[in-house]
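**Q** Give the three-dimensional model of this entry:
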Amino acid sequence: MTTKRSGKTANGRAPAREHAAPSAVDAMVIKIRKLISDGGLQVGDSLPTEKELCERFDAGRNTVREAMRILKAYGVVAVRPKVGATLIDDRMERALDLFSFNTLDISRRTFNDIQGFRKLIEVGTVDTLFDNVGPADIAELREINARLQSAQTIPEASEQDFCFHLRLVSILNNRAVRDVYRIMKPVIIRIMERAKELRDFNQDTFEQHDAIVDALEQRDRIHYQYALVSHLELGLWAFEEESGSEQRAL
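**A** Now for the predicted structure:
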């Protein structure tokens, strides 16, 4: 007689889910990263040779070579003939490459996520912006906005639109925020282009930016937040109008 298994342990609980062991290559990547950390290695330092890594970790040459290829893709090491592996810091460039697929369309979920993040930064940091902003910042924002108003094409207007917002967050004096915006640029540009396809890409955006700069210059919290939130949410019209057009076509 065959006993049917219940899938539970003697105490009536479901057995703990087993986690798959990392592959030999993944395990080697972890070991090399630990070697870098424990050894206090810095950018410009050399890693042990491929042969030394094989001997240290009792691993095959192909495993070590593939692990180094992954670390190179991460922007952590550079491998050169006769020189070996050297620690670098190209992680930001690799992240920029990852976000370079700007030919993909933007879903409404992506739009909500991106614009929600931008609200947290551009609206939520209003106090720091007001503390840091100076006449030079205001002048440069107005100059960028003037270039947007005179743009002849949607891509050109979108580029100036992005420059405006990158300059705005630069007032925070936070390099990490600027880097994140640079990484997100292809997606943000696509959102801007999509909204400008359905509306006056010159005057509408120019007037919205102008209201933001006015409120920023006057340290007017209410008007600044209202103007910026309204501006960031305007792209929703692109989705709503497109959805309406699709329904009418059915």
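**Q** Show me where the protein has its strands.
**A** 77-80, 84-87 (DSSP state E).
**Q** for the ones you listed, which one ends up most surrounded?
**A** strand 84-87 (a mean of 17; mean count of other Cβ atoms under 10 Å). Backbone N, C-alpha and C define where each C-beta goes, glycine included.
**Q** Alpha carbons only: can I get that strand in CSV?
**A** Taking C-alpha atoms only, strand 84-87 is exported to CSV below (Å, rounded to 0.1, in the frame of the first residue of the first chain):
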residue,chain,number,x,y,z
GLY,A,84,45.6,41.3,-15.6
ALA,A,85,42.5,42.5,-13.7
THR,A,86,42.5,46.0,-12.2
LEU,A,87,39.7,47.4,-10.0
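**Q** quick one: average confidence on it?
**A** Averaged across strand 84-87, pLDDT comes to 83.
**Q** if you skip the residues just before and after it, what's nearest to residue 65?
**A** residue 50 (6.5 Å; Cβ to Cβ, 6 or more residues apart in numbering).
**Q** Check the average confidence over the top helix by length along the chain, would you?
**A** The longest helix of the chain (DSSP state H) is helix 175-196. For helix 175-196, mean pLDDT is 85.
**Q** elements contacting it?
**A** Judged by 3 or more Cβ pairs under 8 Å, 6 or more residues apart in numbering; DSSP states H and E, the packing partners of helix 175-196 are helix 91-98, helix 108-118, helix 154-170, helix 236-249.
**Q** Now with 10 Å, please.
**A** helix 91-98, helix 108-118, helix 154-170, helix 203-217, helix 236-249 (3 or more Cβ pairs under 10 Å, 6 or more residues apart in numbering; DSSP states H and E).
**Q** how many neighbours does residue 72 have?
**A** When neighbours are defined as other Cβ atoms under 10 Å, residue 72 has 16 of them.
**Q** State the distance from the residue lying closest to it once chain neighbours are set aside to residue 46.
**A** Once flanking residues are discounted, residue 72 sits nearest to residue 79: 5.9 Å by Cβ to Cβ, 6+ apart. The spacing between residue 79 and residue 46, counted by Cβ to Cβ, to the nearest Å, is 11 Å.
**Q** Next, show the common contact partners of the two.
**A** 85, 86 (Cβ atoms under 10 Å, 6 or more residues apart in numbering).
**Q** quick revisit: got a list of what the residue nearest to residue 72 touches?
**A** With Cβ under 10 Å, 6+ apart, residue 79 has these contacts: 47, 50, 65, 68, 69, 71, 72, 85, 86.
**Q** what pairs with the last one across the strands?
**A** Beta-bridge pairing for residue 86 (DSSP bridges): residue 46, residue 78.
**Q** My guess is it contacts residue 43. True?
**A** Yes - using Cβ atoms under 10 Å, residue 86 is in contact with residue 43, at 8.5 Å.
**Q** Give the burial count for residue 207, as a bare number.
**A** 15.
**Q** State the pLDDT value of it.
**A** 93.
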